[in-house]
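S.K.: let's see this in three dimensions:
(3 chains)
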Amino acid sequence: VGEDEIQRERGEARMKERDRAEGKAKPARTGEEENKMSSKDTEREQTKVKANKAGKNQKEKRQEKREEKVKDPKNKREKREGERNSEEERPKENQRTKGEKEIKEEREEGDGQEGEGWGSEPKQAKKKPKERKAKDETKHPEKGRKSKEKSKEVANEGGAKKRKSKEEDDKKKSKKLKEEAEENKKKEEDSKWKWWEEEKTDDGVKWKQLEHNGPYFAPPYEPLPDDVRFYYDGKPMKLSMATEEIATFYAKMLDHEYTTKEIFQTNFFHDWRKEMTSEERKKIKHLEKCDFKEIHKYFVDRNEARKALPKEEKQKLKEEADKIQEEFGYCNLDGHREKIGNFKTEPPGLFRGRGDHPKMGMLKKRIMPEDVIINCSKDCKIPEPPLGHKWKEVRCDNTVTWLASWTENIQNSIKYIMLNPSSKLKGEKDWQKYEVARRLKGVVDKIRSQYRADWKSREMKKRQRSVALYFIDKLALRAGNEKEEGETADTVGCCSLRVEHIKLHSELDGQEHVVEFDFLGKDSIRYYNKVPVEKPVFKNLQLFMENKDPGDDLFDRLNTTVLNKHLQDLMDGLSAKVFRTYNASITLQEQLKALTNADDNVAAKLLSYNRANRAVAILCNHQRATPKTFEKSMQNLQAKIDAKKEQLEEAQVELKRAKADLKAKKDVKSKAAVEKKKKLLEKLEEQLLKLNVQATDKEENKQIALGTSKLNYLDPRISVAWCKKFGVPIEKIYNKTQREKFAWAIDMADENFEF
DNA sequence: AACCTGACTTAGTATACCCCAC
DNA sequence: GTGGGGTATACTAAGTCAGGTT
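M.R.: The predicted model follows:
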């Protein structure tokens, strides 16, 4: 119920939410989205199919358009200009209908420049509630890490009573514990680097000293054993090593949906043939005649065997991995040991794009040292390339944060090795991001009233800009850069919306001026939403869509560069994505305020937190595939609920009986029995309620991913303050990794922090 | 102004891992 | 001890945005 209120309060309606509100009693999503999706397949599946179809039409159209452009670019351009000019007139007509506002508008336009002063940053004092925390940490240096071990030990002890020969084990363990503790101590000391208490420099220099061991390269290809064969046209065929390697990439993916897709197959086969020897190429002409099944089985078996490995073997493997982590996983940055995020080069394989990606199945080549640029201090020990190899380049650029880079062959873009989110370099940037968002809080009202005013501007450009900004602000849409056609999946953001992505309803379900959005956003995640908008926005959209084809840009006079330049003028550091951060964080703060009940127990408070978190995830459209095990675990939960209900009924019957007993006997004993039954009943009721809440929570979370917003959009200080204020242990909302990433916030925010 | 590119953040999914009930 | 279910981590694709070049 609370959640529905939230949504209403925000004055907008992500469609799903509204449907839920309409359904009232029904907690699960119902309504149109599902009606529309007739089959039982998952919504996303449907979405994709639909999108694919749409995509094809679009693409054909757009292709045509492009061809036209190529044929006669000038002609097209002129035509477009003509359209624009005539459009330019139209706003004036509209203004007339809006009456006397013209004058006001002029004034506001003149005032537009007042924005200059907005940039003044509300200086927020760096408070330091650090004292207490620091003390805590020095007192129990390895408490956090140890506690886990300890609990393990306790558990073990319980079991050990049965078996007696535990001593040796224990000894080993305690020794190991000691070692670990020592190591942890060392680590802890390093990770205790409180960079946030140091002076910040803002000169673009990211480090003074940077030392590391370079990337860890993917292990070389191991040829298949002789008895694992590839068949062509029914006959076994020995492949050259390079060809075989690529075949294994495909074979490994055989039971993945990807390999059923035509583009995937075509791309794969094309790239594979390129790498074949000429004899192989002569022979292998059709993918359908290739039989990878034996290879596939080999890998499946191998994986299983690895899973079934005895303990010691597994232990060994782990130790090896730890060694690698130890050697390549850390670097020295300005005298501090920092964890690296991705210290391994990406292994070769087949490219798995998301959504309807034109390049899926292409061969991702093996990265060699000769492809890699190393970035490190001048005077430090330069990382050794693997034996017999050389680096592409070693440079010393302290204005960037990466340690190594290479160019990837699919999109021809650069990939980097960078630090872990817990590092100073990442943390500082993160902190700064939220500070920018907080500055936006101070000027957002002004910006809002300005874009409202701009809805009536005589300039088409301004109108488009202001409507787009309205969407970005209200719906937390992404900016929407242009993308190269045919290089990536066809997805859009705000500025790249096309006419086909929205539908206008002057009236829908009792609401006026409803815009229906339906498009694929980042990662080809569908954005579907029906939003009532203000009348001028609606009118503007009608205007923008006039005389356009479905495949035309909705905001043809706007792109992200123009928009961001404007935003930069409004506030220093402002760009489109800041609105997402701002709206996400402010929503969390408001929701927490509205939902948290100080008298609740921790579990209930956590539920409130999750609900607030979920409100943000919904706002940002963070989705996930319904977990594979969802149905099952839901059933399990339902079974539990049913069992509880039964128990409850039984308890009721028993209570009645006890009451009758009491009436008959009227002795102390039966009175006590009644009390006991009453208590039991209460307890059961409470448990049932809890289970029901759990089920609701689960259902609501089915397709919503909370992690992304938690990690990237919610100022951690809001959460930290909330925890401190309501006595919720921080571990309940942030796991170990998250606590490391947000160490700065955990340390600096007190319960009074306001975003 | 269009175009390109480098650097960095944000994103969902696959897999590893851990814990608990059996 | 095992299996399964849920969470944490690894992985890498896909965005944003600004600065430079044409």
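S.K.: DNA strand C versus A:Arg717, what's the distance?
M.R.: 20 Å (CB to the nearest atom of the strand, to the nearest Å). Bear in mind the C-beta positions are built from the backbone N, C-alpha and C, glycine included.
S.K.: now that residue: phi and psi?
M.R.: phi -70, psi -30 (degrees, to the nearest 10).
S.K.: that one against A:Met748, yeah?
M.R.: Yes - at 7.1 Å, A:Arg717 counts as touching A:Met748 under the criterion of CB atoms under 8 Å.
S.K.: quick check: residues of the stretch 301-450 of chain A near DNA strand B?
M.R.: A:318, A:321, A:354, A:397, A:399-402, A:405, A:407, A:413-414, A:416, A:418, A:426, A:429-430, A:433 (CB under 7 Å from any atom of the strand).
S.K.: can you check which helix is longest in chain A?
M.R.: helix A:630-665 (DSSP state H).
S.K.: just the buried residues of the following helix or strand past it, please?
M.R.: Sequence-wise, the next helix or strand downstream of helix A:630-665 (DSSP states H and E) is helix A:668-701. Neighbour counts using 16 or more other CB atoms under 10 Å place A:670, A:673-674, A:677, A:680-681, A:684, A:688, A:691, A:695, A:699-701 of helix A:668-701 among the buried residues.
S.K.: which of the residues you listed lies closest to DNA strand B?
M.R.: A:Asn701 (12.8 Å; CB to the nearest atom of the strand).
S.K.: once you drop chain neighbours, what's closest to the closest one?
M.R.: A:Arg614 (6.9 Å; CB to CB, 6 or more residues apart in numbering).
S.K.: which of the buried residues of helix A:668-701 lies closest to DNA strand C?
M.R.: Nearest to DNA strand C among those, with distances taken as CB to the nearest atom of the strand, is A:Asn701, at 9.0 Å.
S.K.: low-confidence stretches in the stretch 151-300 of chain A?
M.R.: Within the stretch 151-300 of chain A, the stretches with pLDDT under 70 are A:151-191.
S.K.: now stretch A:584-602 - C-alpha only, CSV.
M.R.: Below are the C-alpha coordinates for stretch A:584-602, written out as CSV (Å, rounded to 0.1, in the frame of the first residue of the first chain):
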residue,chain,number,x,y,z
ALA,A,584,17.1,8.7,-7.4
SER,A,585,18.7,10.0,-4.3
ILE,A,586,16.0,12.5,-3.4
THR,A,587,13.4,9.8,-3.9
LEU,A,588,15.2,7.5,-1.6
GLN,A,589,15.5,10.1,1.1
GLU,A,590,11.8,11.1,0.8
GLN,A,591,10.6,7.5,0.8
LEU,A,592,12.7,6.6,3.8
LYS,A,593,11.2,9.5,5.6
ALA,A,594,7.7,8.5,4.6
LEU,A,595,8.0,4.8,5.1
THR,A,596,10.1,4.2,8.1
ASN,A,597,8.4,3.7,11.4
ALA,A,598,10.8,4.2,14.4
ASP,A,599,8.9,1.7,16.5
ASP,A,600,9.2,-1.1,14.0
ASN,A,601,11.6,-3.9,14.5
VAL,A,602,14.7,-4.2,12.3
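S.K.: which parts of it are buried?
M.R.: A:584-592, A:595-596.
S.K.: on that earlier part again, which of the residues of the stretch 301-450 of chain A next to DNA strand B are buried? Put it as a PyMOL command.
M.R.: The buried residues among these can be selected in PyMOL (16+ other CB under 10 Å) with this line:
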select buried, chain A and resi 401+402+405+418+426+430+433
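S.K.: so of the residues of the stretch 301-450 of chain A next to DNA strand B, which ones are in strands?
M.R.: A:405, A:407, A:414, A:416 (DSSP state E).
S.K.: now those residues as JSON lines including pLDDT?
M.R.: Converted to JSON lines, those look like this (pLDDT from 0 to 100):
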{"residue": "A:Ser405", "pLDDT": "97"}
{"residue": "A:Thr407", "pLDDT": "97"}
{"residue": "A:Ile414", "pLDDT": "97"}
{"residue": "A:Tyr416", "pLDDT": "97"}
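S.K.: determine which two of those residues are furthest apart.
M.R.: Spatial extent of those (CB to CB) is set by the pair A:Thr407 and A:Tyr416 at 10.7 Å.
S.K.: CA atoms only: put stretch A:258-277 into PDB for me.
M.R.: Output of stretch A:258-277 as PDB, limited to C-alpha atoms (Å, rounded to 0.1, in the frame of the first residue of the first chain):
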ATOM      1  CA  TYR A 258      22.200 -17.300 -29.000                       C
ATOM      2  CA  THR A 259      23.300 -20.100 -31.300                       C
ATOM      3  CA  THR A 260      19.800 -20.400 -32.600                       C
ATOM      4  CA  LYS A 261      19.800 -16.900 -34.000                       C
ATOM      5  CA  GLU A 262      20.600 -16.300 -37.600                       C
ATOM      6  CA  ILE A 263      22.800 -13.300 -37.200                       C
ATOM      7  CA  PHE A 264      24.800 -15.100 -34.600                       C
ATOM      8  CA  GLN A 265      25.400 -18.000 -36.800                       C
ATOM      9  CA  THR A 266      26.200 -15.900 -39.800                       C
ATOM     10  CA  ASN A 267      28.600 -13.700 -38.000                       C
ATOM     11  CA  PHE A 268      30.300 -16.700 -36.300                       C
ATOM     12  CA  PHE A 269      30.600 -18.600 -39.500                       C
ATOM     13  CA  HIS A 270      32.000 -15.700 -41.400                       C
ATOM     14  CA  ASP A 271      34.600 -15.000 -38.800                       C
ATOM     15  CA  TRP A 272      35.400 -18.600 -38.300                       C
ATOM     16  CA  ARG A 273      36.100 -19.100 -41.900                       C
ATOM     17  CA  LYS A 274      38.400 -16.200 -41.900                       C
ATOM     18  CA  GLU A 275      40.600 -17.900 -39.400                       C
ATOM     19  CA  MET A 276      40.600 -21.300 -41.100                       C
ATOM     20  CA  THR A 277      43.500 -22.700 -43.200                       C
END
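S.K.: can you give me the neighbour number for the residue nearest to A:Asn701?
M.R.: 21 (other CB atoms under 10 Å).
S.K.: ok, now which ones touch it?
M.R.: The contact partners of A:Arg614, taken as CB atoms under 8 Å, 6 or more residues apart in numbering, are A:3, A:700-701, A:704, A:706.
S.K.: where's the dip in pLDDT among the residues you listed?
M.R.: Of all those, A:Glu3 carries the smallest pLDDT score, 34.
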